[in-house]
Every structure is written in C-alpha cells, then in structure tokens.
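A.B. asks: below are the sequence and a predicted model for it; my questions follow.
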Amino acid sequence: MPVSQLTTTFSADQIGAAAHQLRQRRQIGQPAGLLADQYRPLLLADALAIQLQVATQYSAVIGWKCGLPSVDANGQLKIVLGPLYQNELQQGAVCALWPSSTSQARVEPEYAYPLLKDLLPGDNELSDADVFAAIGTPHLALELIQSRYQPDAGALYPDQLADGLFNQGLWLGPVLNGPEQASFALMLKQSDQTSVTHAARHPNDNPRAPLPWLVNFLRAQGVPLRAGQVLITGSFAGVLELPFGADIRWQFGDEPAFQLSFCPR
C-alpha cells in the first residue's frame with residue numbers, strides 16, 4: 001500500500017501527548033523507556049504523525065534525513081525519514097552533541113544536498129530529472145546520532161520512526177570539491193595516532209537515489225520543502241563512535257581534509 005494511503009488510528013490527543021514526550025527528551029538529551037501503551041505507535045502512519053507533530057513543537061525544520069523504503073520479512077513497509085532542525089544545525093571546527101551511553105560521540109558520514117528552490121505540496125509526481133534539477137552540489141556532512149529510548153528499552157521500528165530515527169542533529173561541512181562518489185576511502189586521524197581508513201560505501205550505491213522518493217513523499221503528505229533546506233540520504237560508513245575532545249582529521253576520498261573535534265552538550 002502506498003504510504004500516502006495509510007490511515008492514522010491515533011487521536012489528535014494521543015499524537016500530541018506522544019510528541020510532547022519525545023520533544024522533551026530530545027530537548028534535554030535524556031533517553032528513557034518506551035512511551036505508555038496508549039501513546040506508543042505500532043503502525044507506520046501513527047509513528048509518522050507523531051514525528052511530524054514533534055516538528056511543529058520543537059524547532060524550524062531545515063532539512064530531512066531519508067533513505068529508500070523497504071519491506072521487512074513480514075511484508076511491512078518501512079520508510080527512512082526524519083526532520084533536521086535549525087537548533088541542532090552546526091558548522092565550524094567544534095561540534096557539540098549528546099554523549100552516547102558509553103560517553104562517545106556517535107556520527108554518520110553523509111552528503112547533504114541543498115535545495116535550490118521551493119518544492120511545494122502537490123498530487124503530481126515529479127520526475128527524477130525535475131528533482132535533481134532542484135538539488136545543488138552536496139556538502140560533506142555528519143549526521144549526529146542519538147535515540148530518545150534507552151538501549152534496553154525494546155524500541156521497535158515504529159517507536160524509532162516517531163522519534164526521528166536516531167537523529168540528534170547535523171554538522172554541515174564544506175561543499176564537495178570533486179565529483180560525487182558512491183564509495184571512497186574515509187580516513188580519520190586523531191592527533192599523533194595512526195590514521196584509520198574505512199571503506200565507505202553508500203547503502204544504495206548512489207547517494208542521490210533516495211531524493212526523488214523523499215521529495216514526492218513529502219509533497220504527497222502536504223509538507224513543503226523550501227529552498228535552503230538540506231537533504232541527507234544515508235551513511236557511507238554506518239555509525240562511527242568517536243571520543244570527545246580529540247582533534248580529528250577527516251578526509252572523504254580525494255576531498256580536501258578538514259579538522260573537527262566533538263564536545264558534549
């Protein structure tokens with residue numbers, strides 16, 4: 001069934017209460033257990049409604065994370081979608097984020113594609129060419145990772161979708177200097193330590209692949225995309241766990257290297 005035809009079963013009060021709890025956890029960086037049963041989403045449509053309600057309560061949306069939809073072993077549709085927020089957007093040589101349960105900085109290396117023009121809601125589906133014509137040269141970026149559920153809470157996919165799928169912000173780096181790559185050597189070096197190389201590869205073998213789906217899905221939901229927003233499409237190397245306070249040299253393939261360190265929020 002197309003996502004646009006899924007029906008929400010939660011009431012407005014249930015959606016609002018669940019969104020309020022998840023927004024509070026996000027604001028203070030404090031994971032907790034599952035939501036109470038009456039507020040816990042079990043269906044994709046209810047989870048998505050909660051996620052979009054969090055977005056109206058929390059901060060201006062400056063972009064989206066996305067991936068291609070999939071179907072799990074039980075035949076259930078799964079989407080990868082989450083808002084990126086103005087108050088969690090960072091740039092510069094120091095990046096602040098909530099520590100993980102093991103006191104690490106958790107990040108995912110990505111491309112962040114800027115929108116060059118507004119793409120407003122509509123029933124007509126835009127072609128891949130139309131979507132790509134509205135997308136500018138990507139930035140190197142890091143998605144900042146945290147769940148608002150404790151690791152042992154037993155959160156399932158709908159729980160995490162309602163919460164924005166582990167996102168706690170975005171670090172926006174320099175604009176890509178060379179051509180886009182589906183795979184490259186990602187090199188990280190901390191101070192005088194030996195550099196570590198990751199065999200970076202986009203999960204779809206094409207970092208632009210999820211963009212047409214995202215644009216058309218959001219337009220069908222009545223969600224406008226605005227010029228200046230950025231879209232991230234999946235990690236090249238999964239989740240990296242890195243120390244706070246270390247000056248780390250990053251190099252995405254042949255792109256110019258940059259320095260970045262993490263500090264706890």
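C.D. replies: All right, it came through fine. Numbering: from 1, shown residues only.

A.B. asks: from here on, contacts and neighbour counts on C-alpha atoms
C.D. replies: OK.

A.B. asks: quick one, strands of the stretch 101-250 of the chain?
C.D. replies: Using DSSP state E, counting those that start in this stretch, the strands found in the stretch 101-250 of the chain span residues 105-114, 139-145, 167-175, 183-190, 196-201, 230-232, 240-242, 248-252.

A.B. asks: between these, which one is closest to residue 213.
C.D. replies: Closest to residue 213 of the strands of the stretch 101-250 of the chain is strand 230-232 (Cα to Cα; 11.8 Å).

A.B. asks: list the buried ones in the closest one?
C.D. replies: Across strand 230-232, burial judged by 16 or more other Cα atoms under 10 Å covers 230, 231, 232.

A.B. asks: please name the nearest non-neighbouring residue to residue 250.
C.D. replies: residue 188 (4.9 Å; Cα to Cα, 6 or more residues apart in numbering).

A.B. asks: what is the burial count for that neighbour?
C.D. replies: 20 (other Cα atoms under 10 Å).

A.B. asks: thinking again about what came up before, among the strands of the stretch 101-250 of the chain, which comes closest to residue 17?
C.D. replies: Nearest of the strands of the stretch 101-250 of the chain to residue 17, taken as Cα to Cα: strand 167-175 at 20.4 Å.

A.B. asks: and for the residue nearest to residue 123 when sequence neighbours are not counted, the neighbour number?
C.D. replies: Excluding the flanking residues, the one nearest residue 123 by Cα to Cα, 6+ apart is residue 220, at 6.0 Å. Other residues lying near residue 220 total 19 when counted by other Cα under 10 Å.

A.B. asks: so what pLDDT did residue 220 get?
C.D. replies: We have a pLDDT of 92 for residue 220.

A.B. asks: related to what we said a few turns ago, deepest in the core, which of the strands of the stretch 101-250 of the chain is it.
C.D. replies: strand 230-232 (a mean of 28; mean count of other Cα atoms under 10 Å).

A.B. asks: if we can go back for a sec, do you know which of the strands of the stretch 101-250 of the chain lies nearest residue 59?
C.D. replies: Closest of the strands of the stretch 101-250 of the chain to residue 59 is strand 167-175, at 11.5 Å (criterion: Cα to Cα).
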